Every structure is written in C-alpha cells, then in structure tokens.
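> Sequence plus predicted model, see below.
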Amino acid sequence: MWVQRRVELKAKPKGFHLVTEEISLQLPELARLSVGVAHLFLQHTSASLSLNENVDPAVRGDMETYFNRLAPENAPYFEHVEEGPDDMPAHLKSVILGSGLTVPVRDGQLQLGTWQGIYLGEHRNRDAGRVVVVTLYGEPA
Amino acid sequence: MWVQRRVELKAKPKGFHLVTEEISLQLPELARLSVGVAHLFLQHTSASLSLNENVDPAVRGDMETYFNRLAPENAPYFEHVEEGPDDMPAHLKSVILGSGLTVPVRDGQLQLGTWQGIYLGEHRNRDAGRVVVVTLYGEPA
Amino acid sequence: MWVQRRVELKAKPKGFHLVTEEISLQLPELARLSVGVAHLFLQHTSASLSLNENVDPAVRGDMETYFNRLAPENAPYFEHVEEGPDDMPAHLKSVILGSGLTVPVRDGQLQLGTWQGIYLGEHRNRDAGRVVVVTLYGEPA
C-alpha cells in the first residue's frame, strides 16, 4: 500500500509548534496501515521538522531562544542577505534540525513515544503556510 | 517483507556509545532481507541516534565534550528546568543529532561504510534503558 | 519495485556543493517509479547530505563559514587528532547535518520543493570521491 499526499500546515509565527494532530488529522489513510512507516517531507529550506517533548510549552520556547543564539541574525560574514536578516539563519536552522522525518506506523497509529510530538520549526517572519509531502507505505490491515 | 519490533538497549551512562552490534544481534530477520532498508526510531526526546567513526573511542569522548559545550546545562534563559539541569540540554542534543536513522540493507547486512557505526547518544544522567522501534522492509532472499 | 545502487560523486574541495543533478543523472530507474521514495545514504563519517537553497551560491559559502565556526579546528580538548586538524570537525559536521536523506518520488521525479537542492558537505581537505548508496522503492509506473 502506497499513499502520497500534500498536507498543508496553516501559517504560524516564527518559533516551534506542535503539529502532530494537525498532520495526522489530514491522514485518514493511516488507519488502513497495519505495519509500515510514514515519511514526512517539508518542501522548504527555511523551516524544519523535529521530534521533541509534547507536554511543556516551555520546551518550545527554550528551543526558539537557543536556536536564535546558535544561528543569529546579522552575522557580519553573511553574504546571502537579500531576503532579510531572518533568511540565512532560517537556512541554517533548517539543515541543523532537518526537514524530513520517518515515523513507524502500527495498527493505524504513528508509533511515537509517550512524550514525543512532531515540531514544525517556522524560522521565517513571514506568516505563510507550509507544505509537507507525506508518503505512507506498508502492509494494509 | 515487513518486520517491526522493539529493540531494547541496556542502560548506559551519559555519553556516546557504539551500539551497532547490540542492535543487529536483536534483528535475526535481517538475514532474510535481500535488498531493503532498516529504519531505527528512538522513542525518546533526550537521547539520539547518529552515525560516526567506529574505531577510535576518542571520537565518542570528543563528541561528548563538544555537545556539552554546544548545549550547556544551566543556560540562564532556560524555562524548562523542573526535570534537572541535564534535561533541556538533552532535548537540544536530541533534535540536533536526530532520533531516527535509515540504513540500506543488502544480502542480509546493514550497508554501513567501513568506518561507520551506530552511536546512541545518552544525554541524561539517569541510567535507564532505551527503546528503538526497528522497521525492516524490502525483498526477501 | 526495489533498486539499490552505488552512486559515485567526483572529488570536490572542502565546502558545500549542489549535487542534485550529479546524483539524479546516475539514477535512470527513477523514471520507472510512479509513487515511492529515494533513500540516499553516504557511507562516510566526514561528509554530509542536506537539503538547502538551490539558487544563490552565497548560501553554500555562508554555510561553510558558519559550520567552520560552529565546529572549529584545533579545539584544545580534542583527543582524536591523528588524522589532521580537519578530521574531528568533519565528524562533528557529519552528525549535525546528517549523512542520509529520504526524498519522496512521484511520476519519475524527486519531489523537491522549488528552491530545494541536495547539498554534499565535503568536510575534509583530501580531494577524494564519495559513495552514496541509493535505494529506490515504490510502485512502478
């Protein structure tokens, strides 16, 4: 069984956002998969997908503060500056955190750990939606 | 052919550990795969899986020192501090290094390069085991 | 449909290089895949694969400058130094950026976003080629 579809994520402010439910609600075909995997692929170079703690919103806040320091705006050596001060840091955060995730599936459910959630890292100040290409494959129920 | 199983890794001290053998010894089904992939997925947000040099233990030591500096304990701006000083740095290391790996398989063997090994990054001081959900799929021999 | 093959990348100087075309030209079987994924796996621990902006070469230059600062040569605590000052930084860049990528495929084409390209990060000064094990799988056209 192979299903591939575009999942659209609503525009979000710069920062980290828990999107497990926003994504899985758009994947009714998950329920038909007995054993398999879900591959999530962000078609952007200034946002990221990662897995992190799904309860305390302070983790998302601390992530944002940390990565803003790790890849700060206006580094004096940046040459790619035409698209604004948040652009090159966004490219750096995207490659450090990654823009794809593979998650195991069993009995129609993503096999995330108890405390794991999917984070969208929105690294631009531009208030636009994001597209995730989701590929589900495995054995049908 | 689809096989999905929980692999348990024994508790390890904080640091980086070579676990290629500990994982593959728990995967007898690998031998039945002619061409395919193995997907390893850590169900935790304070540990990591990565691929690195499999000979010199000094690489693991240098990794630990480097990442302890890259994501130090007690950053003054951390708000997620209830679970101890090693907790938020562990979440940061987990997202920077990643918690999943996909490895090609051929003739019943992981197709790692000559110098590649699988590292478990244990980022907490708590001496607990870790669970990896392994999904093997491909063409049987 | 399962295809697995070694793709060889020509030797490149230290830095980030756009290799989307160098890789896809070596994958004639892509054209036969209706829906599926391509998994790219670098069999090395001192190079990386990532996805980033495919137009402005200044992004590749800024990436190189940034990562040379993030993982600098000659850190006083490095113990793994026998293979030269660029070796331990190369291992660090490889784990931060990652050495594998999974890309969705549809109608015989990698489903990269408009601005996404595949970067090889060559992190050594040694002018040697690199091997990528590519596994293509999915439904044939």
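Done, it's in.

> Just list the residues touching residue A:7, thanks.
Neighbouring residues of residue A:7 by C-beta atoms under 8 Å, 6 or more residues apart in numbering or on different chains: A:23, A:26-27, A:40, A:131-134. C-beta here means a position set from N, CA and C on the backbone, and glycine is covered the same way.

> again, only this time at 10 Å
Taking C-beta atoms under 10 Å, 6 or more residues apart in numbering or on different chains, we find residue A:7 in contact with A:19, A:22-27, A:40, A:130-134.

> Quickly note the distance from it to residue A:40.
Noted for residue A:7: a distance of 8 Å to residue A:40, by C-beta to C-beta, to the nearest Å.

> anything in contact with each of these two?
A:19, A:23, A:27, A:132-134.

> So which of these are in helices?
Among the shared contacts of residue A:7 and residue A:40, DSSP state H puts residue A:23 in helices.

> What is the most widely separated pair among the shared contacts of residue A:7 and residue A:40?
Across the shared contacts of residue A:7 and residue A:40, the longest distance by C-beta to C-beta is 14.6 Å; it joins A:19 and A:133.

> Check the contacts of residue A:7 for burial and list the buried ones.
Using 16 or more other C-beta atoms under 10 Å in any protein chain shown as the burial test, those include A:19, A:22-24, A:26-27, A:40, A:130, A:132-134 as buried.

> Could you single out the nearest of those residues to chain B?
residue A:40 (11.1 Å; C-beta to the nearest C-beta).

> So what's the residue count around the residue nearest to that closest one when sequence neighbours are not counted?
Excluding the flanking residues, the one nearest residue A:40 by C-beta to C-beta, 6 or more residues apart in numbering or on different chains is residue A:101, at 4.7 Å. Residue A:101: 23 surrounding residues under other C-beta atoms under 10 Å in any protein chain shown.

> list the contacts for residue A:101?
Contacts of residue A:101 (C-beta under 10 Å, 6+ apart): A:23, A:38-42, A:48-51, A:118-119, A:132, B:41, B:98-100, C:102.

> Please flag which of these sit within helices.
residue A:23.

> Go through the contacts of residue A:101 and flag which are in strands.
Those of these mapping onto strands are A:38-42, A:48-51, A:118-119, A:132, B:41, B:100, C:102, per DSSP state E.

> Any of those buried? List them.
A:38-42, A:48-51, A:118-119, A:132, B:41, B:100, C:102.

> and of those, the nearest to residue A:61?
After measuring those against residue A:61 - C-beta to C-beta - the closest member comes out as residue A:119, at 12.0 Å.

> Confirm for me that the closest one is in contact with residue A:54.
Yes. Between residue A:119 and residue A:54 there is a contact under C-beta atoms under 10 Å: 8.9 Å.

> Overlap of the contact sets of the two?
Common contact partners of residue A:119 and residue A:54 (C-beta under 10 Å, 6+ apart): A:18, A:20, A:60.

> now the helices for chain A?
Using DSSP H, helices in chain A cover A:20-24, A:57-70, A:87-97.

> tell me the most buried of those helices?
helix A:87-97 (a mean of 24; mean count of other C-beta atoms under 10 Å in any protein chain shown).

> what's the residue closest to the geometric middle of chain A?
residue A:49 (2.4 Å; C-alpha atoms, centre = their mean).

> OK, contacts around residue A:75?
A:81, A:85, A:88-89, A:92, C:62, C:65-66, C:69.

> try residue A:123
Residues counted as contacts of residue A:123 (C-beta under 10 Å, 6+ apart) are A:14-16, A:44-48, A:64, A:67-68, A:71, A:86-87, A:89-94, A:97.

> Fine, thanks again, bye for now.
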